[in-house]
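> here are the coordinates; sequence isn't available:
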C-alpha cells in the first residue's frame, strides 16, 4: 500500500530544488521553503484528504475512483452523465500513473549507482528495463508467494528513511523552521514563477495518496490509518528534514541528496533496498490497475477480459493479461524515451494530479449529499484541497 509514496524521498526534494539551482536562487531559503511545502502537502493532501476524509467514502469496503463514482451515482440516483465522465478521466490517468510509477521509481533507484561511480551511467537504462520486464513477465504467477516479503521490506525501508533523516537533522537544526507554513507561502508570494516550478517537484512527495485509497479494499481503513500515522508519515517527515539540513550544510549534494547522505560503503546496499522497494511500489500500482480494470468491466466501461484469480485465499489478488502486456509496452517506451527519472517527473505529476482533482470533485458531491460528516467542516477543507491541487496542476 505504501510502496508508491515511500519511494518519493528518492527524487522529490531533488526535483523541487532543480529550478532554484538553475535560476541561481538562495539555496538555504529555498530548502526551508521546499521542506515546509513537503511537510504541509503530506499533512493536508495525504493525511487529511485521503486518510481522514476519503477513507470514509467506501463502496462496501472498496476504495478508489470508480468506487467513488458508484457511490455518487447512487446518492444522486442518476447514472452516467458528468459523474461517469469524471470517473473515466480519473481512471484513465490512473492507468497513466500505473505506467509511469514503475518507470520513474525503478529508474530513480538504479540511478543511485551513479553515486558509487559515474561509470555506471550507461547501464542505468538497460538495468531498469531488465528489472521491469522481469516484473511484468512474472505477474501471471500472482504475488501470493512473495507477498509475505513485501511488508517487512517496506517496513525496514521506512525505519531506515527515518534513521537516515535523524542522523542528518543535526547538520543544521534550523531545518525545524520548515514546520512554519509561512516559509512555503512566502516563497510563492516573492517569486511566483519560480515557486510554481518548485511546486511541480513538491507534488511528487504526495504521489501514492490515491493508491492508499484504491487499496482500501484489500486491508480495510483501520490498518492503513494506523500504519500511516505510526510508521510511514514519521519516516517520510524525518527523511525530508534530514535531506534539507544536509543540503544546507553540503550545497554540492543537491543533485542527488538521498544517496549522498549515506557513507560510501552503504550506497550499494541502499540502492539494492531502494530497487526492491520500487519494485514493490510498481507491483502495488500494477495490482491497482488490475482492480480498476475489473471495476471498469463491471461498470460496462471496458470490454470483457479474462480475469485470473492468483490466490486461493485473497479475493483482491487478480491478474488481467491484456492490461499487463499493455502496461509493459507503455513502461518500456517511457524508459527508452525519457531515459532518466528527472525527465519523467512532470509527466508523473500530471497523471497523479489529475486523478486527485477528480477525487476532490467527486468527494465534494459525496459529502454534500451523504452528510456522513458535518458539511461545514468537510466542504471548506475539500475546497482548500482543490485549490492546492489546481496549483500543483498549473506547476
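Yes, it's here. Everything quoted here is computed from the prediction, not taken from an experiment.
> From residue 207, how far off is the nearest residue to residue 386 once chain neighbours are set aside?
Of all residues not flanking residue 386 in the chain, residue 360 sits nearest, at 4.7 Å (C-beta to C-beta, 6 or more residues apart in numbering). C-beta here means a position set from N, CA and C on the backbone, and glycine is covered the same way. The spacing between residue 360 and residue 207, counted by C-beta to C-beta, to the nearest Å, is 15 Å.
> any idea where the strands of this structure begin and end?
Secondary structure of the chain by DSSP state E: the strands cover 307-309, 318-320.
> Out of the ones you listed, which one sits most buried?
strand 318-320 (a mean of 20; mean count of other C-beta atoms under 10 Å).
> If I look at the closest residue to residue 345 other than its chain neighbours, what pLDDT would I see?
In this structure, residue 345 finds its nearest non-sequential neighbour in residue 15, 4.8 Å apart by C-beta to C-beta, 6+ apart. pLDDT, residue 15: 92.
> How about residue 145?
At residue 145, pLDDT is 69.
> Redo the strands of the chain as JSON lines? Include mean pLDDT and distance to residue 225.
As requested, these are exported to JSON lines (pLDDT from 0 to 100; distance: least, C-beta to C-beta, whole Å):
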{"stretch": "strand 307-309", "mean pLDDT": "87", "distance to residue 225": "28"}
{"stretch": "strand 318-320", "mean pLDDT": "87", "distance to residue 225": "25"}
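> Among those, which comes closest to residue 132?
For these, proximity to residue 132 was assessed by C-beta to C-beta; strand 318-320 is nearest, at 16.9 Å.
> who does the closest one pair up with?
Here strand 318-320 has these sheet partners by DSSP bridges: strand 307-309 (antiparallel).
> what does the strand it pairs with rub up against?
Strand 307-309 is contacted from outside by 140, 290, 294, 297, 315, 317-321, using C-beta atoms under 8 Å, 6 or more residues apart in numbering.
> from the residues you listed, which would you call buried?
By neighbour count, with 16 or more other C-beta atoms under 10 Å, the contacts of strand 307-309 hold 290, 294, 317-320 as buried.
> Next, format those as a markdown table and append distance to residue 37.
Output for those, formatted as a markdown table (distance: C-beta to C-beta, whole Å):
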| residue | distance to residue 37 |
| --- | --- |
| 290 | 33 |
| 294 | 36 |
| 317 | 37 |
| 318 | 37 |
| 319 | 39 |
| 320 | 37 |
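> how near is residue 307 to residue 85?
Distance from residue 307 to residue 85, by C-beta to C-beta: 25 Å.
> Revised request: answer the last question for residue 276.
Counting by C-beta to C-beta, the gap from residue 276 to residue 85 is 39 Å.
> quick one, which of the two is more surrounded?
residue 276 (19 against 12; other C-beta atoms under 10 Å).
> Any idea how many residues pack against residue 181?
With other C-beta under 10 Å as criterion, residue 181 counts 14.
> Ramachandran angles for it?
Main-chain torsions, residue 181, degrees, to the nearest 10: phi -60, psi -20.
> Now do the contacts for the closest residue to residue 18 other than its chain neighbours.
Nearest residue to residue 18 in three dimensions, chain neighbours excluded: residue 201, at 6.6 Å (C-beta to C-beta, 6+ apart). With C-beta under 8 Å, 6+ apart as the criterion, the residues that contact residue 201 are 12-19, 34, 345.
> Could you measure from residue 201 over to residue 16?
3 Å.
> Could you name every residue contacting both of those two?
Between them, residue 201 and residue 16 share these contacting residues under C-beta under 8 Å, 6+ apart: residue 34.
> Hmm, residue 285 is touching residue 103, no?
No - contact criterion C-beta atoms under 8 Å: residue 285 and residue 103 do not qualify, at 10.7 Å.
> Please pull out the lowest mean pLDDT helix or strand from the protein.
helix 216-219 (a mean of 77; mean pLDDT, DSSP states H and E).
> list the buried ones in it?
For helix 216-219, a neighbour-count test (16+ other C-beta under 10 Å) marks 216-218 as buried.
> go on, stretch 343-359?
Buried-residue list, stretch 343-359, by 16+ other C-beta under 10 Å: 344-359.
> tell me the least confident of the residues you listed?
Among the buried residues of stretch 343-359, residue 346 has the lowest pLDDT, at 83.
> State the distance from it to residue 94.
Counting by C-beta to C-beta, the gap from residue 346 to residue 94 is 18 Å.
> who touches the residue nearest to residue 183 when sequence neighbours are not counted in this structure?
With C-beta to C-beta, 6+ apart as the criterion, residue 183 has its nearest non-adjacent residue at 4.0 Å, and that residue is residue 36. Applying C-beta under 8 Å, 6+ apart, we find residue 36 in contact with 177-184.
> Where does the prediction get shaky in the stretch 51-200 of the chain?
Residue ranges of the stretch 51-200 of the chain with pLDDT under 70: 145.
> swap that for the stretch 251-395 of the chain, please
Applying pLDDT under 70 to the stretch 251-395 of the chain flags the ranges 315-316.
> Okay, helices next: where are they in it?
Applying DSSP state H, counting those that start in this stretch to the stretch 251-395 of the chain gives helices spanning 257-260, 264-298, 321-338, 341-370, 375-394.
> One more: the stretch 101-250 of the chain?
Under DSSP H, counting those that start in this stretch, the stretch 101-250 of the chain gives helices at 113-116, 124-137, 144-169, 182-190, 192-202, 209-214, 216-219, 221-227, 233-249.
> Turn those helices into TSV, including distance to residue 43.
Output for the helices of the stretch 101-250 of the chain, formatted as TSV (distance: least, C-beta to C-beta, whole Å):
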stretch	distance to residue 43
helix 113-116	30
helix 124-137	32
helix 144-169	17
helix 182-190	12
helix 192-202	13
helix 209-214	12
helix 216-219	20
helix 221-227	15
helix 233-249	8
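> Between residue 360 and residue 207, which is the more surrounded one?
Shown here are residue 360 and residue 207; by other C-beta under 10 Å, residue 207 has more neighbours (28 against 22).
> Surely that one and residue 349 touch.
Yes - at 7.3 Å, residue 207 counts as touching residue 349 under the criterion of C-beta under 8 Å.
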